[in-house]
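1. need coordinates for the below:
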Amino acid sequence: MGEVSADAVTLDLLREARETVRGSPLGVINTPMISWCQTTLPLDIHCNVHIKLENMQRTGWTKPLSLIRLTQNAARLTTEELSRISLTGSFKIRGVANQFARRPRGGHFVTMSAGNYGKSFAYASKHYGSKGKVVMPETAPVSRSILIQSFGVEVERVPTSCLMNEVNRCVQEDGMTFLHSYDDLDLIAGHASLGMEVLEMMPEPDVVVVCCGGGGLLAGVAAAIKLSGCDKTRIYGVEPDGACTMHRSFIEKKPVGMETKSIASGLAPPFAGTLPFELCQRYVEGIVLINDEEITAAVSTLYRSGLVVEPSGCAAFAAIVNGKIPELEGKNVVCILSGGNIGKDELVNFPG
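-> Numbers count the residues shown, from 1 in each chain. Sure thing, here's the model as predicted:
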């Protein structure tokens, strides 16, 4: 994606992508945004925090199923429908919806993902009649591999350092087309729809806090907010300290890679994206770091308050509660919970 400049990301492009995502046959929804004070979550900072519940994003339903049908008629749901009730969502379906809408149907695609993008990629592949392969780090939960394979997509588990090598092999030897899971113009434009939804509910936020892995979501949200005229809004990305590729990229003023390790596997790609880095450098105030202990505590705190959020999805929350974001007193703050892709087998490893 190095040939695509940040200048290619315009407000018109993002508005067009917003309409594509809104009308996507993949069933992307406008997720709720609630005030922190409406929850039982602890907050020692005197500010007005709103939580964008992207962990409630729908991934996997071919048709919307109402809450009434789920709760009152569960016995009459098909086996396929029942299996999909557990498919908690993430923001990734937004970018995938725009990405696949701009690719030919029936293609043969390969990507790399620790889980959430792979799940959305697999669902879209099935819907559009495409063949797909997901190259996953061997550290990712096996349950995610099984879930992706259930959509008819092949999964190859490799060491994190070998992800890109295996993708390149698939492209060169098998003739597959690479769809990047975070360094892709169409994908980032699709993710920007999340930023536009935030502005529909809070037109001029003072601070927006977003998780950061390769930087696709952070770049899209930041571009949407800044290009919409919110010049004074401070936008922060949050990374695990064991997978701080964007933080290091900011320091070195170029995209860099590193050997990553974190409980938040979705935030631990081996390198920062080129286009995301350029956009983040232009629109993001800074990148703050959290550790795995803070992430683990955040998952437990959210769960005790009735919110199922995966380690990667709670990074922004962890940064706020641990005082990593400066000057929040009296401010209107948006905290994005970016995904809920965590199973019961994983939740037992978290205290409380």
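
2. from here on, contacts and neighbour counts on C-alpha atoms
-> Noted.

3. so E239 makes contact with G214?
-> No. Counting by CA atoms under 8 Å, E239 stays clear of G214, with 9.7 Å between them.

4. quick check: neighbours shared by the two?
-> Counting by CA atoms under 8 Å, 6 or more residues apart in numbering, the common neighbours of E239 and G214 are 246, 267.

5. could you list the buried residues of stretch 318-334?
-> 318-321, 324-325, 328, 332-334 (16 or more other CA atoms under 10 Å).

6. also stretch 89-105?
-> Under 16+ other CA under 10 Å, the buried positions of stretch 89-105 are 89-101.

7. going along the chain, name the strands of this protein.
-> 33-35, 48-53, 108-112, 131-137, 154-158, 177-178, 207-211, 234-240, 286-290, 332-337 (DSSP state E).

8. would JSON lines of those strands with distance to S143 and mean pLDDT be doable?
-> Below are the strands of the chain laid out as JSON lines (distance: least, CA to CA, whole Å; pLDDT from 0 to 100):
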{"stretch": "strand 33-35", "distance to S143": "29", "mean pLDDT": "95"}
{"stretch": "strand 48-53", "distance to S143": "23", "mean pLDDT": "96"}
{"stretch": "strand 108-112", "distance to S143": "16", "mean pLDDT": "96"}
{"stretch": "strand 131-137", "distance to S143": "12", "mean pLDDT": "94"}
{"stretch": "strand 154-158", "distance to S143": "12", "mean pLDDT": "95"}
{"stretch": "strand 177-178", "distance to S143": "24", "mean pLDDT": "96"}
{"stretch": "strand 207-211", "distance to S143": "23", "mean pLDDT": "98"}
{"stretch": "strand 234-240", "distance to S143": "23", "mean pLDDT": "98"}
{"stretch": "strand 286-290", "distance to S143": "26", "mean pLDDT": "98"}
{"stretch": "strand 332-337", "distance to S143": "21", "mean pLDDT": "98"}
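
9. okay, now the unreliable bits of this structure?
-> 1-2, 59-88, 343-348, 352 (pLDDT under 70).

10. max-length helix in it?
-> For the chain, the longest helix by residue count, based on DSSP state H, is helix 185-201.

11. distance check, T139 against V238.
-> 21 Å (CA to CA, to the nearest Å).

12. between the two, which is the more surrounded one?
-> Comparing T139 with V238 by other CA atoms under 10 Å, the one with more neighbours is V238, at 31 against 15.

13. show me what the more buried one is bridged to.
-> Under DSSP bridges, the beta-bridge partners of V238 are C211, V288.

14. also G339?
-> Where G339 sits in a bridge, its partners, by DSSP bridges, are S90.

15. can you pull the contacts of T39?
-> S305 are the contacts of T39 under CA under 8 Å, 6+ apart.

16. L185 - how many residues pack around it?
-> That count, for L185 with other CA under 10 Å as the rule, works out to 24.

17. tell me the contacts of the closest residue to N98 other than its chain neighbours?
-> In this structure, N98 finds its nearest non-sequential neighbour in G190, 5.2 Å apart by CA to CA, 6 or more residues apart in numbering. For G190, the contact set (CA under 8 Å, 6+ apart) comprises 14, 17-18, 21, 94-99, 220.

18. wait, Q281 sits on I251?
-> No. The pair Q281 and I251 fails to qualify as a contact (CA under 8 Å) at a distance of 10.5 Å.

19. more crowded one of the two?
-> Q281 (19 against 11).

20. measure that one to H191 for me?
-> 17 Å.
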